[in-house]
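**Student:** Give me a model of this one.
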Amino acid sequence: MALSADLTSYVRQLFGGGRWNTRDGRAVPESEDLGLGKEAIKLDATVLYADISGSTMMVDKHPSEFAAEIYKAFLHCTAKIVKDEGGDITAYDGDRIMAVFINDGKNTRAARAALKINFGTKNIIGPQISAFYGARQFQLKHVVGVDTSALFVARTGVRGANDLVWVGRAANHAAKLTTLPDTYASYITKAVYDSMNADMKTHQGRSMWELVTWTAMANAPIYRSTWTYTVP
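**Tutor:** The predicted model follows:
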């Protein structure tokens with residue numbers, strides 16, 4: 001079958017092939033948990049995206065080996081922090097990572113992970129960059145975005161080259177939050193903030209988060225922070 005005919009057949013079958021077979025999820029799924037047909041898992045989840053700022057300029061100005069070390073250091077530390085907070089890594093995409101938190105305390109754990117990632121960037125990776133390459137060589141900055149919502153998870157791609165697609169507000173908004181200015185390392189939506197434990201909102205009577213307007217998203221209220229949370 002010619003490629004064009006094969007693609008047309010697939011799209012026709014996808015759009016006209018009946019209803020989706022969906023089920024409620026009790027855990028973050030793996031690709032193998034779903035078929036390539038119209039199968040999906042529904043989750044109530046919190047999504048965290050963490051993204052290195054200025055990575056394009058870093059790659060343009062520095063040797064590839066140096067850029068690779070920065071990528072590896074940031075992604076490794078971020079992944080370890082996320083897993084320590086009970087999150088699941090769902091994707092690595094160049095210089096950023098996507099993670100999903102479910103079940104009790106998911107918003108508190110995701111927000112705490114964001115502040116721990118800030119600690120790791122400032123107090124673990126940054127000093128090591130200065131020690132090995134000099135303080136003026138490169139300053140690592142990042143942005144973390146967190147949102148929560150219902151998600152519709154399906155498997156996409158072709159046999160031998162497929163992955164999960166996460167459909168829902170949280171996945172899109174968490175990713176978009178990472179495009180905001182890196183003068184603040186952590187951004188969370190109001191839905192996340194409202195559901196967090198009180199001890200993740202204030203510390204010794206001081207607010208850890210600042211309420212601002214997200215003008216690019218219909219003036220939605222969001223919270224931003226420069227705080228860190230110590231990694232033990």
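**Student:** Pretty sure residue 178 sits against residue 96.
**Tutor:** Yes. Residue 178 lies in contact with residue 96 (C-beta atoms under 8 Å); the separation is 6.8 Å. Quick note: C-beta positions are derived from backbone N, CA and C, even for glycine.
**Student:** between these two, what contacts are shared?
**Tutor:** Residues touching both residue 178 and residue 96 (C-beta atoms under 8 Å, 6 or more residues apart in numbering) are 49-51.
**Student:** Among those residues, name the ones in strands.
**Tutor:** The strands, defined by DSSP state E, take in 49-51 from the shared contacts of residue 178 and residue 96.
**Student:** Most neighbours among those residues, which one?
**Tutor:** Among these, the one with the most neighbours (other C-beta atoms under 10 Å) is residue 50, at 30 neighbours.
**Student:** Arrange the ones in strands among the shared contacts of residue 178 and residue 96 in JSON lines, one row each, with pLDDT as further columns.
**Tutor:** Formatted as JSON lines, these follow (pLDDT from 0 to 100):
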{"residue": "49", "pLDDT": "98"}
{"residue": "50", "pLDDT": "98"}
{"residue": "51", "pLDDT": "96"}
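**Student:** Now distance to residue 190 too, for those residues, in JSON lines please.
**Tutor:** Below are these laid out as JSON lines (distance: C-beta to C-beta, whole Å):
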{"residue": "49", "distance to residue 190": "17"}
{"residue": "50", "distance to residue 190": "20"}
{"residue": "51", "distance to residue 190": "21"}
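**Student:** Name the nearest of the residues you listed relative to residue 72.
**Tutor:** residue 50 (14.1 Å; C-beta to C-beta).
**Student:** Report the contact partners of that closest one.
**Tutor:** Residues in contact with residue 50 (C-beta under 8 Å, 6+ apart) are 74, 78, 96-97, 99, 114, 117, 142-144, 178.
**Student:** So which of those residues sits lowest on pLDDT?
**Tutor:** Lowest in pLDDT among the contacts of residue 50 is residue 96, which has 94.
**Student:** Thought residue 52 was touching that residue, still the case?
**Tutor:** Yes. If you go by C-beta under 8 Å, residue 96 and residue 52 touch, sitting 6.9 Å apart.
**Student:** Please report the distance of residue 217 from residue 232.
**Tutor:** Residue 217 sits 35 Å away from residue 232, going by C-beta to C-beta, to the nearest Å.
**Student:** Repeat that for residue 101.
**Tutor:** Separation of residue 101 from residue 232 (C-beta to C-beta): 19 Å.
**Student:** Mind checking which of the two has more residues around it?
**Tutor:** Shown here are residue 101 and residue 232; by other C-beta under 10 Å, residue 101 has more neighbours (25 against 4).
**Student:** Please tell me the pLDDT value assigned to the more buried one.
**Tutor:** You'll see residue 101 listed with a pLDDT of 98.
**Student:** Who does it form a beta bridge with?
**Tutor:** residue 46 (DSSP bridges).
**Student:** That one: what's it in contact with?
**Tutor:** Residue 101 sits next to 45-48, 85-88, 107, 109-110, 113 when contact means C-beta under 8 Å, 6+ apart.
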